[in-house]
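Novice: I need the structure of the sequence given here:
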Amino acid sequence: DVLINDDNPTTAFETMASAPALLANAARRSMAQVMRSSSRPAIAATHSKMTFGSARLMSTYYTPAHEYCKVEGNVATVGITDFAQAALGDIVFVDLPEPGDEFDAKDSFGSVESVKAASDVYAPVGGKVLEANEALTDEPGLVNSSAEEDAWFIKLEVADEGELGELMDEAQYKEHCEKEAH
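Specialist: Below is the predicted model:
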């Protein structure tokens, strides 16, 4: 609905000229709402790897060693999976690299220690560390309560997107974990 306000000098032409922009914004908002909607997981999953020009929506990949890699644009958020934290038990220490450090795919970039064991953590893809999750220094147990959300280890600038093709998607990783559990 177009409201006419005699105090506003906007012409009908200006109002009509902005209509395509309004429709484009509404369509963009609608797509974002579909992607966030938990009531439509099938639709969100279908679009999780959709691309719009050069902007990629977030995609998640996994390694056989139980690291995850959530990629948005050319930035990968890396940590250990819920499966890994459950196998390790109560996490008591996390060792992380410094921003600016560079790693090749499959290089050890840090370690995690629990009451049961210590384990190296490997870079799923090569790149430069942009940020390390300093919250884990003071609260390593966060890995146990929120391994794949708040307890990410590093944010890595992806050097070669081609390396992502060597990683597992969610279905492949689930199958990998089921095989490993038996």
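
Novice: Could you list the low-pLDDT ranges of the protein?
Specialist: Across the chain, the ranges flagged by pLDDT under 70 are 1-57.

Novice: same thing but 80
Specialist: Along the chain, the parts satisfying pLDDT under 80 run over 1-57, 182.

Novice: Please enumerate the strands of it.
Specialist: 51-52, 55-56, 59-62, 67-72, 75-80, 91-95, 102-103, 108-114, 118-122, 127-132, 154-158 (DSSP state E).

Novice: now the helices for the chain?
Specialist: For the chain, the helices defined by DSSP state H cover 12-17, 19-36, 41-46, 82-88, 135-138, 142-146, 170-181.

Novice: Counting neighbours, what do you get for F153?
Specialist: Residues within reach of F153, counting by other CB atoms under 10 Å, total 27. All C-beta spots, glycine's among them, are computed from the backbone N, C-alpha and C.

Novice: Same check on V129?
Specialist: V129: 22 neighbours (other CB under 10 Å).

Novice: roughly how far apart are it and K155?
Specialist: Relative to K155, V129 is positioned 7 Å away (criterion: CB to CB, to the nearest Å).

Novice: returning to that earlier point: any idea which of the strands of the chain is most buried?
Specialist: Stretch with highest mean neighbour count among the strands of the chain: strand 75-80 (a mean of 24; mean count of other CB atoms under 10 Å).

Novice: Now do it and strand 108-114, the angle between them.
Specialist: Calculated by axes from the mean of the first three to the mean of the last three CA atoms, to 10 degrees, strand 75-80 forms an angle of 40 degrees with strand 108-114.

Novice: just checking, what packs against strand 75-80?
Specialist: Strand 75-80 is packed against strand 67-72, strand 154-158, with contacts defined by 3 or more CB pairs under 8 Å, 6 or more residues apart in numbering; DSSP states H and E.

Novice: and stretch 112-120, how far apart are its ends?
Specialist: Taking CA to CA, to the nearest Å as the measure, stretch 112-120 stretches 6 Å from start to finish.

Novice: Pull out the C-alpha coordinates of stretch 82-101 and format them as CSV.
Specialist: C-alpha atoms of stretch 82-101 as CSV (Å, rounded to 0.1, in the frame of the first residue of the first chain):
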residue,chain,number,x,y,z
ASP,A,82,30.9,-33.5,19.2
PHE,A,83,31.9,-37.1,18.5
ALA,A,84,35.6,-36.2,19.3
GLN,A,85,34.8,-34.3,22.5
ALA,A,86,32.6,-37.2,23.7
ALA,A,87,35.4,-39.7,23.1
LEU,A,88,38.0,-37.5,24.9
GLY,A,89,35.9,-36.9,28.0
ASP,A,90,36.3,-33.8,30.2
ILE,A,91,38.5,-31.3,28.4
VAL,A,92,41.0,-29.6,30.7
PHE,A,93,43.4,-27.8,28.3
VAL,A,94,43.4,-26.4,24.7
ASP,A,95,46.5,-25.2,22.9
LEU,A,96,45.9,-22.9,20.0
PRO,A,97,48.1,-21.2,17.4
GLU,A,98,48.6,-17.4,17.1
PRO,A,99,46.8,-15.3,14.5
GLY,A,100,49.1,-15.0,11.4
ASP,A,101,50.4,-18.6,11.7
